[in-house]
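# Build me a model:
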Amino acid sequence: MPTLYEYLGTRVFFYANDHEPVDIHGRCEERESIIEIIPIENAYMFCVREIVKKWNDFFVKGSSIRTVQITQKLKS
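The predicted structure follows:
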């Protein structure tokens, strides 16, 4: 399971045997959520573009993924 981000105890990842459409999973303690990323007129927000790029690098190019550790609370 390639991990994209670790944020205050929450792991954001995708399963290595996953499929299209692009989706990511988040796990905190015993709970897990899934987010499906669907392009709207081919426009993604910056952070979503980064996730899609990592998904593409892993599944299409066969590249390894580096986990980003986020240690400070994000501003809302």
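# Now do the contacts for the residue lying closest to F13 once chain neighbours are set aside.
Leaving out its chain neighbours, the residue that sits closest to F13 by CB to CB, 6 or more residues apart in numbering is T3, at 4.4 Å. Every C-beta, even on glycine, is put in place using the N, C-alpha and C of the backbone. By CB atoms under 8 Å, 6 or more residues apart in numbering, T3 lies in contact with 11-13, 65, 67.
# which two in those residues are spaced the farthest apart?
R11 and I65 (12.6 Å; CB to CB).
# coming back round to it: and which of the contacts of T3 is nearest F59?
The closest of these to F59 turns out to be I65 (CB to CB; 10.3 Å).
# thinking again about what came up before, how much space between the residue nearest to F13 and E36?
Distance of T3 to E36, given as CB to CB, to the nearest Å: 19 Å.
# now swap in L4 and tell me
L4 sits 15 Å away from E36, going by CB to CB.
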